[in-house]
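Undergrad: structure, please.
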Amino acid sequence: MSGESCFVLLGPIHLHRLMEIERSSFANPWSEADFCYLLADRDALCLGLLHSGELIGYALGYFADRDFHLANLAVDPACRNRGWGGKLLRRILRLAAERGASRCALEVRSANRAARVLYRKAGFRAVGRRVAYYTDPPDAAVLMERNIEIL
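TA: Residues are numbered from 1 along each chain as shown. Purely as a prediction, here's the structure:
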């Protein structure tokens, strides 16, 4: 994919495209209400990646004291395997650190090998597991975390 890329803070104007990417990325996607809640939350960080003017990915999370919880990250399936997910992850971690977070935590489906590899490459380590955390299809969650204050 040639063209310019840039990061943007997401808002309600991005909701339609967020839903398209979400639905094509997950068997049990977030609802519009889930996105609207996080987009309106003052303790959230909602980052999008535009390429050639089109939203191709997003990373969303929220702050709790000095912790940042990465709640959702997705790249349009047509744009995967080009490094965009790693760029999104690095940028949202840097922004979270700049806002005072010292640690990031997340849950990922145990069956989502690509995401687990992405997170491991970014310095996350598995710290636990939640059995039957996900439904449709049923799966365990791998709990991962990393320090981010030294980005």
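Undergrad: who are the packing partners of the least confident helix or strand in the chain by mean pLDDT?
TA: Each helix and strand of the chain was given a mean pLDDT (mean pLDDT, DSSP states H and E); the minimum falls on strand 125-134 at a mean of 92. The helices and strands touching strand 125-134, judged by 3 or more C-beta pairs under 8 Å, 6 or more residues apart in numbering; DSSP states H and E, are strand 103-109, strand 139-147. Where you see a C-beta, it was placed from the backbone N, CA and C, and this is true even at glycine.
Undergrad: 10 Å instead, please
TA: If contacts are counted by 3 or more C-beta pairs under 10 Å, 6 or more residues apart in numbering; DSSP states H and E, strand 125-134 sits against strand 103-109, helix 113-121, strand 139-147.
Undergrad: tabulate the ones you listed (JSON lines), appending mean neighbour count.
TA: What follows is the helices and strands packed on strand 125-134, written out as JSON lines (neighbours: other C-beta atoms under 10 Å):
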{"stretch": "strand 103-109", "mean neighbour count": "20"}
{"stretch": "helix 113-121", "mean neighbour count": "15"}
{"stretch": "strand 139-147", "mean neighbour count": "18"}
